[in-house]
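In: compute the structure for the input listed below.
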Amino acid sequence: MNHMKKVLYLVQKELWQVFRDINMLRVIFVVPMIQLFVLGYAITTDIKNLDILICDRDNSAFSRDLVERFSHTDYFVVDKEDCLPGTAEQHLFTGRADLVLMIPNHFGRDLETGDRPEVQILVDGQNSNTAAVAMGYCNRILLAFMQDSLGLRAGAGGLPAAIQSRFITPEGRVWYNPELKSVYYMIPGIISILLTIVTMLLTSQAIVKEREIGTLEQLMVAPLSPWQIIAGKTIPFALLGFVEMGVAMTVGVFWFKVPIVGSLPLLALLAGVFILTTLSLGIFISTLVETQQQALFVSWFFLVSFILLSGFFYPIDNMPHWVQVITYINPLRYFIEILRELFLKGAGLNVLWPELASLATICVTIFTLAIVRFRARARA
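Out: Sure thing, here's the model as predicted:
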């Protein structure tokens, strides 16, 4: 009981130092909230307002209907011209258009007679992701146009039987994110990153700061064991991490309308394991450096590596095999997956236990290394 009182005194001292420092409060609460708002809007896989040049050389009722379909969508900003030879290439080369839709002569006639009408789509492929998404948008609009056009003819009895037999209307249904809002996918990842910054960075900074001003040595010679010192330095930031996560989730739910389908107690448990992992990493970093600047740079190195190898921006399956192997030691990879599964699917422990087991293994490993290094540094 006396040991726990000592830890409690250290926790109170650390919290008092945090709340007394106005700059620290800004770093913990204000800066992450600004990042959450900015990144919540800025980081999106939704691609809108693509500049498209439509060259309608047919000018029939069917081609005009197709042009209207492209005009009445948020995906494209339509520029309709009677394209002269070389105009399409010039628009793509100068960046005035992201893609060009060429509607040839006799497009409407081919559609009426049952021949296969053809259109040409030219895409600026500098950004492969944007080009692929743009092609997907175009194909979706063209498919809907063909289905509606053939459906009308079938209803009027003017569609040949051979074409009617091949006419299939696919009916899709999207689960877990029916509106396909990328913010639902991004917000859990942003919350994970902010939690990593607050816990890992501030823990390493706090311990190194104590060493720089000489108070860590005073704690070492005090009647405190190493585990009490570590607990007293990490528990406050664990509490602040939970508060930070709660505030960020509140913003995500009520401002960005991200649903939380899963269990909140399970989320708290898994978040606790992740926070302990990042706190341990912060302690480990503090044993490798001498100054707060060094701690900042090393923490930033780990943070950037974690983000790039977490699947937040790029799917892990698209990475080279040897890089995919490296991602298995990245705790952020598992926690982002946990948050997305809990938020959108309502997954339980029976589904998330592999992520929990991997995260717990990383946590125990890093915590053991941090304790060993901290004790060795204390003896030195």
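In: could you use CA atoms for every contact and neighbour count after this?
Out: Will do.
In: am I right that Leu180 falls within a strand?
Out: No: using DSSP: H, G, I helix; E, B strand; the rest coil, the assignment for Leu180 is coil, not a strand.
In: just the strands in the stretch 251-380 of the chain please.
Out: For the stretch 251-380 of the chain, applying DSSP state E, counting those that start in this stretch gives no strands.
In: for it, which segments count as helices?
Out: 264-286, 292-308, 321-326, 331-340, 349-379 (DSSP state H, counting those that start in this stretch).
In: closest one to Ile197 among those?
Out: Counting by Cα to Cα, Ile197 lies closest to helix 292-308 out of these; the figure is 7.4 Å.
In: and Gly246, which of the three is it?
Out: Reduced to three states by three-state DSSP, Gly246 is helix.
In: returning to what we had before: just name the most buried of the helices of the stretch 251-380 of the chain.
Out: helix 331-340 (a mean of 24; mean count of other Cα atoms under 10 Å).
In: just the strands in the stretch 1-150 of the chain please.
Out: Going by DSSP E, counting those that start in this stretch, the stretch 1-150 of the chain shows strands at 50-56, 76-81, 99-103, 120-123.
In: got the angle for the second one vs strand 50-56?
Out: In other words, strand 76-81. If you take axes from the mean of the first three to the mean of the last three Cα atoms, to 10 degrees, strand 76-81 sits at 30 degrees to strand 50-56.
In: now strand 76-81, how far from the centre of its chain.
Out: 31 Å (Cα atoms, centre = their mean, to the nearest Å).
In: in that strand, what counts as buried?
Out: Neighbour counts over strand 76-81 (16 or more other Cα atoms under 10 Å) mark Phe76, Val77, Val78 as buried.
In: hang on, the earlier thing: ok, which of the helices of the stretch 251-380 of the chain comes nearest Thr234?
Out: Across those, closest to Thr234 is helix 264-286 (Cα to Cα), at 6.5 Å.
In: tell me what the closest one is packed against?
Out: helix 182-196, helix 202-213, helix 226-254, helix 292-308, helix 331-340, helix 349-379 (3 or more Cα pairs under 8 Å, 6 or more residues apart in numbering; DSSP states H and E).
In: looking at those, which has the lowest confidence?
Out: With a mean of 80, helix 202-213 has the lowest mean pLDDT of the helices and strands packed on helix 264-286.
In: contact partners of that one?
Out: 216-217, 233-234, 237, 279, 282-286, 289-292, 295-296, 299 (Cα atoms under 8 Å, 6 or more residues apart in numbering).
In: one step back: so which of the strands of the stretch 1-150 of the chain gets nearest Ile34?
Out: For Ile34, the closest of these is strand 50-56, at 28.1 Å, according to Cα to Cα.
In: picking that back up, make CSV out of the helices and strands packed on helix 264-286 and add distance to Phe19.
Out: Shown next, in CSV, are the helices and strands packed on helix 264-286 (distance: least, Cα to Cα, whole Å):
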stretch, distance to Phe19
helix 182-196, 18
helix 202-213, 13
helix 226-254, 11
helix 292-308, 20
helix 331-340, 28
helix 349-379, 26
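In: in stretch 74-94, what counts as buried?
Out: So, applying 16+ other Cα under 10 Å, buried residues of stretch 74-94: Tyr75, Phe76, Val77, Val78, Ala88, His91, Leu92.
In: which one is the fourth one nearest to, not counting chain neighbours?
Out: What that stands for is Val78. Excluding the flanking residues, the one nearest Val78 by Cα to Cα, 6 or more residues apart in numbering is Ile52, at 5.1 Å.
In: run a quick neighbour tally on the one you found.
Out: 26 (other Cα atoms under 10 Å).
In: Thr73 now?
Out: Neighbour tally, Thr73, other Cα under 10 Å: 13.
In: please report how far it lies from Asn330.
Out: 40 Å (Cα to Cα, to the nearest Å).
In: one more: Leu339?
Out: Distance from Leu339 to Asn330, by Cα to Cα: 15 Å.
In: could I get the pLDDT score of the residue nearest to Val78?
Out: On the pLDDT scale, Ile52 gets 89.
In: centroid-nearest residue for this protein?
Out: Per Cα atoms, centre = their mean, the C-alpha nearest to the average position across the chain is that of Met186, at 3.6 Å.
In: and Ala231, how far from Thr203?
Out: Counting by Cα to Cα - Ala231 and Thr203 are separated by 11 Å.
In: out of the two, which sits in the more crowded spot?
Out: More crowded of Ala231 and Thr203, by other Cα under 10 Å: Thr203, with 28 against 16.
In: in a markdown table, list the strands of the stretch 1-150 of the chain along with distance to Ser263.
Out: A markdown table is the format used below for these (distance: least, Cα to Cα, whole Å):
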| stretch | distance to Ser263 |
| --- | --- |
| strand 50-56 | 39 |
| strand 76-81 | 40 |
| strand 99-103 | 45 |
| strand 120-123 | 45 |
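In: out of those strands, flag the one nearest Leu194.
Out: Of those, nearest to Leu194 by Cα to Cα is strand 50-56, at 31.3 Å.
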